[in-house]
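Q: coords below, sequence missing:
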C-alpha cells in the first residue's frame, strides 16, 4: 500500500469513467474508496439517491484494478440486500458499470425468484459479484460442500442495514458474516445505512470484530424535504379518526394532477383499499391511471405496477409500506402521506421516494384524517427539521434463530460444537450466550429435550464419531430448507378467480369469517367468495356496491417514542403557537375548546379527565405513548384501581391516551392519583394485570416457525406436510407441560417484555409521569382529546353505518350542553 | 382423575358427554371417541420436531380411566385412530390394548387410518370402511347430512371461540350437536380446534377442565 489512492491506476480508471458520464464522485464516495484501499471495514451513512451503492461497489472495483493478484476466481463481492425487488436493478446498474469500465466480471442475483437451472450454474462456478438476501446466504450454507464458494470472498457488503438491524433478519446477517470471516480470512465488511438514532451501535452490531480496522463515513449531503400539511376547510372541534376522508379526497385530486407521478402512502392495507375507492369516486377520470399496491396483492400484479411507475404510465399509486423501500422510481415527483406516519424515520423514508436524484427536493403532503392529526403533522415537520430519527434496537439472544442456524450448518457441512460456540460468541447477538444455553441448544437439536426417554425416535441432528454434528435424514434436510428464514407470515390464503388468475393473498383469519357469496375488497376490486379449497379462496367479480374491507392483522403502526416527544411538545405549544406554526394556528378553535372545558397539558404536566355521561363514568388519561404502550398502562391502571374498589372496566385507547369506563364512580382523586400512577412495583403490577402466558403464546408463533417446531403451510404447495401440521399454540402448551425450561419458551416471554410491554419505554414513561404535575379535570361532556378515543371504542362494538349516526348524536349532545 | 359430565338425550337415547373428550352411550355400554391420532407425537419426533411422549401417555391414561369409569363393553372410534405410520407410540398402544383384552374396539376408518389390515388385526380391532349403523345412529368419520338419520362423527375437531374484554380470546373444545348430527371433539389433546361456528343450527357443548358450558 505504498501508493496513495489518488495516484493508483484503479482510481484513475474510475475517475475517467465517471468523468466520461459527466459525474464527479461525492466526497463520501472518495472517502470510502480511500479507506477500503487502506484495508478498512466500515459503514457508510448516506441518504438514498446519492450513489451509496457505488461508494462500496467501486471501492472493490478500484482495489481489484490495483491489486488483481489478490483476487481469485469465483465470488469476490457478496452483496446482501434485504429486498428481492432491489436486486434486479442493482445487478443491472453494476453490470453496466463493469462493462463500461471494461472488467470481465459477472454480476448475478440469487434469491427465491432465481430459476433452478441458473442456481445450478452458479453452484458450478460462482459469479464475481453475487447479490443475495440474508435468507439466501443461509440457504447456501445448508448446501453440501458450500464453503468452497466463499473461500475467496474479498468483501461482504450489507445494503440498507438499518432495515435489518432490530429484527431477526439482522441476526441472520450477523451469523452469516461471522461464518464468512471464518471461511475467508481478510474479508472486509461494509455496511450501508440511512441515518438512524444509534449509528454507533449499528456499526458495532454489524462489525464486532476487534481484528478488523473499522471506520464510519457519513455523507455531508442531505436530502432537502419539503413538508406541506393539507388543511381541511374547517376545524372539526370534536375530531374522530377516519372522518375527514371523503372531504379531503377533493384536496388530493388537484395535487395528483399538478404532479407527474404521486405515491400515496397509507398506514394499513385496509386503508389503502378504502382510499383507492374514495379517490376513484372523487375523480372517475383517474380510472386506469390510479393503481393500488400492497403486500397482499399478487406479485405479478405488483411487478406490473412497479414497471408502470418506472415508465411513468401511472398518475398515482395508493400504497402501504410495501413501497417504503425498493427500486427508485424516477418519475415520482410527489408523495402524499395519508394520516400520520407515526414515526420520523418512516416519514422521511417515504418523503425520499419523491424527487430522487441528488439535490432535487423531496416533496411530501400530509393529509390528516382527523383534526388531532394536524398536531402530529406539526410534530413531524419539526422532527424532520431537526433530523431526529429513531434508534433501531438490535435484538440479542434469539434462541430460535440460533437453533435454526445450527441445524442449517448440520444440514450443510456439519459442525463441531466448540467451533460453533466460538462463532456465536463472536457475534453481537450471542456474545452473552452461556455454555449452559449452548448445551441446551445442542440437546434440543440432537435429542429433542432434556429427558432422552421422552423423545424416542427423535431424528434431527446426530453427532458422528469424528465429533461432527450432521443431519442424517434427507427428508429432515428438505423440511429444514423449506422452512428457513426469519420472516414469518400470517396464515395466508391465495385468492384466485374461478376463471383462473390470482388476485392476491388474504389472511386465513379474515376469510374464514366470510360465508360464500359474501363480498370483500381486494386489489381495488369487489370480489364475491364462492368457496375455499386447498388454501385457496375462489372468487368472482361481485356486483355488490358495499363490501367488507379486510382488516389485516398487525396493521396498525404504533407511535414511536421520538414522535410522542414531539407531539407532547407541540400540544404544549399549541395555546401560543409561533408565527410559522400554520397547523397550530388553524387548530385554534379545537385547542381553545380543550382549554376551556378541560386543560391543555404542558410538557411537564399529565392530564387526567373524569367525565360523567349517561354511558357511565369515564376516566381518560393522556400519556401520548402510542397504542401498544397504552394497552399495557390502561390494564395496569385498571388493576390498581380495582385494588381500591372492585370495578369492571371497558377499556379503549388510541395513540394519545386511553379510556376506562365503568358503570360506577371510579375512585380517582387528588389524594390517590400519585399512588395510582406511581412507578413503584411497576413491573410486578404489570405482570399481575395482564395475561402474560397468553401474550407469550402469541409471541411464540414466530419463534416456533423459525426454530422449526411448526412447519409452515405454504400456499400452493400445501399438500406436502399435512401430517405435520400443528399450531404454535398447541406446541406452546405441550412445551409448558413437558419442557418448562425450554429456552424458546423463555424467549417468548422475553419478547413479550421487550416488544409488547416495551419494558424500557414503559419505565421511562412512568418516570416522566411521576415527575410531572398531575392535573385532574372534571367535565360533563367529551373534550376534543377524549372524543376520538370514545369513537374508537364505539367502533369496536357496532357496525359502521350505525356508528355515523351515533357519533352525530353524541356531537349534538355535547354542543347542546355547551349552549345551556 | 377430575372430570365433568353432561347428560343429553337424542332420539330417545341417553348419552353422557364427558369433558375427558368422549361420550358414553348407556344402552349399548359403548364409549364413543374420535380422532385419537395415536402415533402423532412419535411421527413429529421422527421428523425432527420434539414432542414429548407424555402427550401419548396422557391420552391413553384418559382412555383407560373412561373405560373403567363407565365399565364400557365396547369402544367405538369414529375415525383417525392412528395418525400415521407404525412407530414407537404404537408400542404404548399395544401395552394399553393388552390391559383391556375384553374391550371390543370398532373403528370407522378415517382419512388418517391407512395402515395395513394386519396392523388392525394385531390389535383386535374391527374395522368398518365407511359407516356403522347401530339404531338409531349412523357412525361415520366425516360429518355429512343423511336424510332421516342421525349421524355421529368426528374429523373436524370442533371448538368454540369466546371473545372477552381486553381482546382476550379463549378457545375451548366442544361437542357440536344439531337436529341430525353430533360431532365429537378430537380425543387427542395434541390436536387443533376448528372454530368457525354457526350458532343458528347447532348447540355447542363446550368444556373446560372442570365444567361444561352451552352455547
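A: Alright, I've got the coordinates. Values in this document were obtained by computation on a predicted structure and should not be read as measured data.

Q: which ones are touching the residue in chain B positioned nearest to chain A?
A: Here chain B gets closest to chain A at one residue, residue B:50, 3.0 Å apart by Cβ to the nearest Cβ. Where you see a C-beta, it was placed from the backbone N, CA and C, and this is true even at glycine. Contact partners of residue B:50, counting by Cβ atoms under 8 Å, 6 or more residues apart in numbering or on different chains, are A:444, A:447-449, A:455, A:458, A:460, A:709, A:739, B:44.

Q: pLDDT value on it, please?
A: Note on residue B:50: pLDDT of 91.

Q: what do you get for residue A:706?
A: So residue A:706 comes in at 92 (pLDDT).

Q: so how many other residues sit close to it?
A: Using other Cβ atoms under 10 Å in any protein chain shown as the criterion, residue A:706 is surrounded by 27 other residues.

Q: relative to chain B, how far out is it?
A: 13 Å (Cβ to the nearest Cβ, to the nearest Å).

Q: quick check: residue A:470 vs residue A:416, distance?
A: 11 Å (Cβ to Cβ, to the nearest Å).

Q: more crowded one of these two?
A: residue A:470 (17 against 14).

Q: who's in contact with whichever strand or helix holds residue A:469?
A: Using DSSP states H and E, residue A:469 sits in strand A:468-471. The contact list for strand A:468-471, computed with Cβ under 8 Å, 6+ apart, reads A:406-407, A:409-411, A:414-417, A:442, A:445-446, A:460-464, A:477, A:480.

Q: including neighbour count and distance to residue A:380, could the contacts of residue B:50 go into CSV?
A: Output for the contacts of residue B:50, formatted as CSV (neighbours: other Cβ atoms under 10 Å in any protein chain shown; distance: Cβ to Cβ, whole Å):
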residue, neighbour count, distance to residue A:380
A:444, 27, 46
A:447, 20, 54
A:448, 25, 51
A:449, 20, 50
A:455, 24, 54
A:458, 24, 53
A:460, 29, 49
A:709, 26, 41
A:739, 22, 47
B:44, 27, 50
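
Q: so which of these sit within helices?
A: A:444, A:447, B:44 (DSSP state H).

Q: nearest to residue A:503 among those residues?
A: Relative to residue A:503, the closest of the ones in helices among the contacts of residue B:50 is residue B:44; by Cβ to Cβ it sits at 34.8 Å.

Q: excluding sequence neighbours, find me the nearest residue to residue A:763.
A: Using Cβ to Cβ, 6 or more residues apart in numbering or on different chains and skipping the chain neighbours, the partner closest in space to residue A:763 is residue A:682 (6.5 Å).

Q: so where's the chain shaky on pLDDT?
A: As the question left the chain open, I've gone with chain A. A:1-3, A:240-245, A:489-491, A:509, A:534, A:551-556, A:713-722, A:794-811, A:813-820 (pLDDT under 70).

Q: not quite, I wanted chain B
A: In chain B (pLDDT under 70), the answer is B:163-169, B:196-200.

Q: up against chain A, what does it have?
A: Neighbours of chain A within chain B, by Cβ under 8 Å from any Cβ of the partner chain: B:42-55, B:83-84, B:87-88, B:112, B:165-166, B:168, B:190-192, B:196.

Q: in space, what's closest to residue A:341 - neighbours in sequence excluded?
A: Here the residue nearest residue A:341, using Cβ to Cβ, 6+ apart, is residue A:347, at 3.8 Å.

Q: same question, residue A:742
A: residue A:735 (5.1 Å).

Q: go on, residue A:679?
A: Nearest one to residue A:679, counting by Cβ to Cβ, 6+ apart, is residue A:766 at 3.9 Å.

Q: how near is the residue of chain B closest to chain A to residue A:480?
A: 14 Å.

Q: now swap in residue A:141 and tell me
A: Taking Cβ to Cβ, one finds residue A:141 at 11 Å from residue A:480.

Q: next up, the contacts around the closest residue to chain B within chain A.
A: Per Cβ to the nearest Cβ, residue A:448 is where chain A lies closest to chain B, at 3.0 Å. By Cβ under 8 Å, 6+ apart, the residues touching residue A:448 are A:454-455, A:458, A:460, B:45, B:50-52.

Q: helices of chain B, start to end?
A: Under DSSP H, chain B gives helices at B:40-46, B:54-70, B:88-99, B:117-122.

Q: pull out the buried residues from the longest one.
A: What it means is helix B:54-70. Within helix B:54-70, the residues scored as buried using 16 or more other Cβ atoms under 10 Å in any protein chain shown are B:54-56, B:58-60, B:62-63, B:66-67, B:70.

Q: that helix vs helix B:88-99, what angle?
A: 20 degrees (axes from the mean of the first three to the mean of the last three Cα atoms, to 10 degrees).

Q: which other helices and strands contact helix B:54-70?
A: Secondary-structure packing of helix B:54-70 (3 or more Cβ pairs under 8 Å, 6 or more residues apart in numbering or on different chains; DSSP states H and E): helix A:728-738, strand B:22-25, strand B:30-33, helix B:40-46, helix B:88-99.

Q: check which helices and strands the longest one is in contact with.
A: With contacts taken as 3+ Cβ pairs under 8 Å, 6+ apart, helix B:88-99 sits against helix B:40-46, helix B:54-70.

Q: ditto for the first one
A: Using 3+ Cβ pairs under 8 Å, 6+ apart as the contact definition, the elements that helix A:728-738 packs against are helix A:692-706, helix A:743-751, helix B:54-70.

Q: how far does it sit from the chain's center?
A: Its chain's average C-alpha position is 28 Å from that of helix A:728-738, according to Cα atoms, centre = their mean, to the nearest Å.

Q: again with the longest one
A: Going by Cα atoms, centre = their mean, the spacing between the C-alpha centre of helix B:88-99 and its chain's C-alpha centre is 18 Å.

Q: could I get the buried residues of helix B:54-70 in a markdown table, plus columns for distance to residue A:596?
A: Formatted as a markdown table, the buried residues of helix B:54-70 follow (distance: Cβ to Cβ, whole Å):
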| residue | distance to residue A:596 |
| --- | --- |
| B:54 | 65 |
| B:55 | 64 |
| B:56 | 69 |
| B:58 | 65 |
| B:59 | 67 |
| B:60 | 71 |
| B:62 | 66 |
| B:63 | 71 |
| B:66 | 69 |
| B:67 | 75 |
| B:70 | 73 |
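
Q: for stretch A:100-117, the distance to its chain's centre please.
A: The answer for stretch A:100-117 is 29 Å, by Cα atoms, centre = their mean.

Q: that one: which residues count as buried?
A: A:101, A:103, A:105, A:107-111, A:114.

Q: mind putting these in a markdown table, secondary structure and distance to chain B included?
A: Formatted as a markdown table, these follow (DSSP: H, G, I helix; E, B strand; the rest coil; distance: Cβ to the nearest Cβ, whole Å):
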| residue | secondary structure | distance to chain B |
| --- | --- | --- |
| A:101 | helix | 48 |
| A:103 | coil | 45 |
| A:105 | coil | 41 |
| A:107 | strand | 37 |
| A:108 | strand | 33 |
| A:109 | strand | 31 |
| A:110 | strand | 26 |
| A:111 | coil | 26 |
| A:114 | coil | 27 |
